[in-house]
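Enquirer: Fold the following and give me the result.
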Amino acid sequence: MSAAGKTNSIQFQHETIHEDMGGTVPVHQVTALSEGEPVGSMQWTARELQGVQVVPQHQRQGIATGLWNEGHRLAEEHGRIPSPKHSSDRTKAGDAWARSVGGRLPRRKS
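Expert: Numbering: from 1, shown residues only. The predicted model follows:
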């Protein structure tokens, strides 16, 4: 089954939160929900992705890719939401995922 097919029962919820440092930089967050329970989330600013997390038992089912795609869909639909961009601060697993979803990849620092 394709990654897109695996996320059919997943719903996405967006909210804008703020960084702790003065609360001036908008941070966007998309949460993936399965049967109403959070199974993953992605946070980003206009500058870069800040994090992608998926509950271990739901990993490798296309949820992180679904979060990425939802972030881009939201950006296209709402001009005030920036498109997610890859960060240079990626783990090996994060780097492999970033390469799989595509997009500009800054040189990896970690």
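Enquirer: Would you quantify the distance from Ala46 to Ile63?
Expert: When distance is defined by Cβ to Cβ, to the nearest Å, Ala46 is 24 Å away from Ile63. Bear in mind the C-beta positions are built from the backbone N, C-alpha and C, glycine included.
Enquirer: Show me what the residue nearest to the spatial centre of the chain bridges to in the sheet.
Expert: Central residue of the chain (Cα atoms, centre = their mean): Met42, 3.4 Å from the mean position. Met42 has these beta-bridge partners by DSSP bridges: Val30, Val52.
Enquirer: my guess is Ala32 contacts Leu67, does it?
Expert: Yes: assessed by Cβ atoms under 8 Å, Ala32 is found in contact with Leu67 at 5.7 Å.
Enquirer: tell me, what's touching these two both at once?
Expert: When contacts are counted by Cβ atoms under 8 Å, 6 or more residues apart in numbering, the set common to Ala32 and Leu67 consists of Phe12, Gly40, Ser41.
Enquirer: Go ahead and confirm the second one touches Pro56.
Expert: No: at 10.5 Å, Gly40 and Pro56 do not qualify as touching, with contact defined as Cβ under 8 Å.
Enquirer: More neighbours: which of these two?
Expert: More crowded of Gly40 and Pro56, by other Cβ atoms under 10 Å: Gly40, with 23 against 8.
Enquirer: State the helix or strand in which Ala93 lies.
Expert: Assessed by DSSP states H and E, Ala93 sits inside helix 92-101.
Enquirer: in that helix, what's buried?
Expert: Of the residues in helix 92-101, those with enough neighbours to count as buried (16 or more other Cβ atoms under 10 Å) are Gly94, Trp97, Ala98, Val101.
Enquirer: do stretch 62-82 as well
Expert: Judged by neighbour count (16+ other Cβ under 10 Å), stretch 62-82 contains these buried residues: 62-71, 74-75, 81-82.
Enquirer: Sweet, I'm off.
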